[in-house]
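J.: quick one: sequence and predicted model below, then my questions.
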Amino acid sequence: MAAVSAKLVKELRERTGAGMMDCKKALNETNGDVEAAVDLLRTKGLAAAQKKSSRTAAEGLVGIAVEGTKGVAVEVNSETDFVAKNEQFQDFVGNVTNVALNLGSDDVEALSAADYPAGGTVAETLTNNIATIGENQAVRRMKTVSVSSGSIVPYMHNAVTPAMGKIGVLVALESTAGADVLEPLGKQIAMHIAAAFPQALNADGLDQEMLARERAIATEKAAESGKPENIVEKMVDGAMAKFAKENALLSQIFVMDNKTPIAQVVEQAGKDAGAEITLTDYVRFQLGEGIEKKEEDFAAEVAATLGGS
């Protein structure tokens, strides 16, 4: 096969934390397939499981808005961070987020076709901004959460403004408890979500494709132990249970005390308040999550290593 490029080695190193030569060998064994190389390194114990945020690469802003018992998060991408700091771009993100709040769906195409406050549609305004600013931009995604009674609590990490930044979180708490109880609780849970990056509210919501991939990796690692098949099956089941626990929000260990599952944190807050509290949903949008960024240059050390083999 053709020589593995320095760019691919760099990408694999950034995603796995594995050594340069281990990355190069894995890429050679997988014919340059980065995803397969990640899995290969993990089966060999050379890389930890990487969450999607490790691939964050795009620029732009995440906007959040809350009104009453409803909230929305919207991601708008740009090519450079310079544009993300542009007042015109920030004004657009703020307005689009407010339009999304009243849209009634999470359909980005419907959002693009919606009326823009200053006239025309969201899509027309975006086209004008692209022409004016001179850089491509796109409304990438949105998600709405709501409760019938309770609070939607927002949190913005790496904020440019209170409602715009790099990681936007919304926490939906269903309860008859007052805002004096729900808002501080929601803020703490939102900060946990920003840091711990849950993949779903509970284990049942975890992506099936992701679970299948994790099971395949766990099976291969367990099989290498040389233990009987029934023991291998138990090892795999144990690994999958651990993965689900660590990636579902309600079973994650609260980062504030490093010992209590989130579900128990919420339950105890309800007992203390004398009113049941249910964490029904959440949003965590990290700017550029899952988008691959073009790599312009690469360190000479990698080029030298590749050339010497």
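T.: Thanks, I have the structure now.
J.: and the gap between the closest residue to Met142 other than its chain neighbours and Gly205?
T.: Spatial nearest neighbour of Met142, chain neighbours left out: Val74 (4.5 Å); criterion: Cβ to Cβ, 6 or more residues apart in numbering. In short, each C-beta sits where N, CA and C put it, glycine included. With distances taken as Cβ to Cβ, to the nearest Å, Val74 is found 22 Å from Gly205.
J.: ok, Arg15 next?
T.: 24 Å.
J.: so which of the two has more stuff around it?
T.: With neighbours defined as other Cβ atoms under 10 Å, Arg15 and Gly205 compare such that Arg15 has more, 18 against 14.
J.: mind pulling up the pLDDT for that one?
T.: Model confidence at Arg15, expressed as pLDDT, equals 82.
J.: thought it was touching Asp39?
T.: No. Applying Cβ atoms under 8 Å as the test, Arg15 and Asp39 come out as separate, 11.3 Å apart.
J.: now do the strands in the stretch 51-200 of the chain.
T.: 59-67, 70-78, 137-146, 150-161, 164-175 (DSSP state E, counting those that start in this stretch).
J.: for Leu27, find the nearest of these.
T.: Checking these against Leu27 by Cβ to Cβ gives strand 59-67 as the closest, at 27.4 Å.
J.: tell me the strands beside that closest one, with direction?
T.: strand 70-78 (antiparallel), strand 164-175 (antiparallel) (DSSP bridges).
J.: want to throw those strands into a markdown table with mean pLDDT?
T.: Output for those, formatted as a markdown table (pLDDT from 0 to 100):
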| stretch | mean pLDDT |
| --- | --- |
| strand 70-78 | 96 |
| strand 164-175 | 97 |
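J.: Val4 is nearest to which of those?
T.: Of all the strands paired with strand 59-67, strand 70-78 sits nearest to Val4, with 29.3 Å by Cβ to Cβ.
J.: chain center to the closest one: distance?
T.: Relative to the centre of its chain, strand 70-78 is centred 13 Å away, using Cα atoms, centre = their mean, to the nearest Å.
J.: can you redo the strands of the stretch 51-200 of the chain as a markdown table with mean neighbour count and distance to Asp106?
T.: Putting these into a markdown table (neighbours: other Cβ atoms under 10 Å; distance: least, Cβ to Cβ, whole Å) gives the following:
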| stretch | mean neighbour count | distance to Asp106 |
| --- | --- | --- |
| strand 59-67 | 24 | 14 |
| strand 70-78 | 25 | 8 |
| strand 137-146 | 20 | 5 |
| strand 150-161 | 20 | 15 |
| strand 164-175 | 24 | 13 |
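J.: for Glu183, which of the ones you listed is the nearest?
T.: strand 150-161 (5.7 Å).
J.: mean confidence for the closest one?
T.: Strand 150-161 comes out with an average pLDDT of 96.
J.: alpha carbons of that strand, as CSV, please.
T.: What follows is strand 150-161 as a C-alpha-only set of coordinates in CSV (Å, rounded to 0.1, in the frame of the first residue of the first chain):
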residue,chain,number,x,y,z
GLY,A,150,-40.2,23.2,36.4
SER,A,151,-37.1,24.8,34.8
ILE,A,152,-34.8,24.7,31.8
VAL,A,153,-31.4,25.7,33.2
PRO,A,154,-28.8,27.0,30.7
TYR,A,155,-25.0,27.0,31.0
MET,A,156,-22.4,28.3,28.6
HIS,A,157,-18.8,27.1,28.9
ASN,A,158,-16.1,29.3,27.3
ALA,A,159,-18.6,32.0,26.9
VAL,A,160,-18.3,34.9,24.5
THR,A,161,-21.5,36.3,25.9
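J.: and it, what other elements does it pack with?
T.: strand 59-67, strand 70-78, helix 87-101, strand 164-175, helix 179-196 (3 or more Cβ pairs under 8 Å, 6 or more residues apart in numbering; DSSP states H and E).
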